[in-house]
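Participant: from the sequence below, what's the structure:
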Amino acid sequence: MTMTMMAAKPLRNIAWLAKHHFGALRLVSFITWLCPALWLAAEYFSDSLGINPLNRLLHFSGRWALIMLLVTLAVTPARRLSVLVSQTLHARYGKRISDWNWLIRLRRQFGLFAFFYACLHLAIYVAFDAGLNGATIRDDVRERPFILLGFAAFALLIPLAATSNQAAIRALGRGWRRLHMVSYLIAILALGHFWLQMKVGQVSPLPYSVVLVLLFAARLAAWRLGDRGVGVEVKERAAGRGV
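Facilitator: The predicted structure is shown next:
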């Protein structure tokens, strides 16, 4: 292969590979994020949930719902940072926002997994903790504020999950972005739900809180710089030499 032919081809870095092998990447991502649920199912059916099975089921599913929500919120800052790094390093590929459209496509999967684990968390509470008893759920909402915050976060997740598709994005237009900004409110409610369960001195939610603060800071910094256009897929230009 001549040097001219090599120069005409983009460097096959991570961005290029992810874009051109997106089907495989999406499958690997799906299996990866499904593994925690399979692990929990294995613990349940092998009777190895520990001395407090209900606590294990609730905390495990709830934490993964929160983790997936934070992963979803991290996509846009990650895309912005990836473009900046590529431009700084003068990479042959990855300097345009459109080169990272695949991250936005993966974000839909992340968001649906957040909803999946939230549904699992809620189902465990309703079936095993509340015993499918409406009166018990009502009393819990009245007496334990963190239950109310959890229900509020889940209720807000429903329209986001329902509109995480291209048809909804086209139908809602700019309203889609405003609707999905609710993700930050959901994260705040989810962390409140987590913190209010803690006893004095327990700080298990702290790492998740730090991550959310950093994501807020990244979002605010982008707004101050007037950079608000990397949260959705952008039209790709025809590829030229060196891109």
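Participant: off-centre distance for the helix or strand residue 217 falls within?
Facilitator: Element membership for residue 217 (DSSP states H and E) is helix 206-224. Mean-position distance between helix 206-224 and its chain equals 14 Å (C-alpha atoms, centre = their mean, to the nearest Å).
Participant: go through it and flag the buried ones.
Facilitator: 208, 211, 212, 215, 218, 219, 222 (16 or more other C-beta atoms under 10 Å). Every C-beta, even on glycine, is put in place using the N, C-alpha and C of the backbone.
Participant: can you spell out which helices and strands pack onto it?
Facilitator: Packing partners of helix 206-224 (3 or more C-beta pairs under 8 Å, 6 or more residues apart in numbering; DSSP states H and E): helix 53-88, helix 182-195.
Participant: tell me the helix or strand right after the helix or strand of the chain with the lowest mean pLDDT.
Facilitator: Every helix and strand of the chain was ranked by mean pLDDT, DSSP states H and E. The lowest is helix 3-7, at a mean of 43. Elements were assigned by DSSP H and E; along the chain past helix 3-7, the next helix or strand is helix 14-20.
Participant: and that next one, which residues are buried?
Facilitator: 15, 16, 18, 19.
Participant: closest to residue 82 among the residues you listed?
Facilitator: Among these, residue 15 lies closest to residue 82 (C-beta to C-beta), at 6.9 Å.
Participant: now the spatially most central residue of the chain: how far from residue 118?
Facilitator: With distances taken as C-alpha atoms, centre = their mean, residue 72 lies nearest the centre of the chain, 2.1 Å away. Distance from residue 72 to residue 118, counting by C-beta to C-beta, to the nearest Å: 12 Å.
Participant: about what we covered before: columns pLDDT on top of the buried residues of helix 206-224, output as a markdown table?
Facilitator: Below are the buried residues of helix 206-224 laid out as a markdown table (pLDDT from 0 to 100):
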| residue | pLDDT |
| --- | --- |
| 208 | 97 |
| 211 | 97 |
| 212 | 96 |
| 215 | 95 |
| 218 | 90 |
| 219 | 87 |
| 222 | 82 |
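Participant: what's the most distant pair in those residues?
Facilitator: 208 and 222 (21.4 Å).
Participant: pLDDT below threshold where in the chain?
Facilitator: 1-12, 226-232, 236-243 (pLDDT under 70).
Participant: so residue 165 touches residue 111, yeah?
Facilitator: No - with contact defined as C-beta atoms under 8 Å, residue 165 does not count as touching residue 111 (10.7 Å).
Participant: the two - which one has more neighbours?
Facilitator: Per other C-beta atoms under 10 Å, whichever of residue 165 and residue 111 has more neighbours is residue 111, with 23 against 12.
Participant: how about the contacts made by that one?
Facilitator: By C-beta atoms under 8 Å, 6 or more residues apart in numbering, the contact list for residue 111 reads 68, 69, 72, 160, 161, 164, 183.
Participant: what's the distance between it and residue 100?
Facilitator: On the measure of C-beta to C-beta, residue 111 and residue 100 end up 17 Å apart.
Participant: re the thing from before, pretty sure the residue nearest to the centre of the chain sits against residue 107.
Facilitator: Yes - between residue 72 and residue 107 there is a contact under C-beta under 8 Å: 5.8 Å.
Participant: quick one: contacts for residue 126?
Facilitator: Applying C-beta under 8 Å, 6+ apart, the residues near residue 126 are 132, 137.
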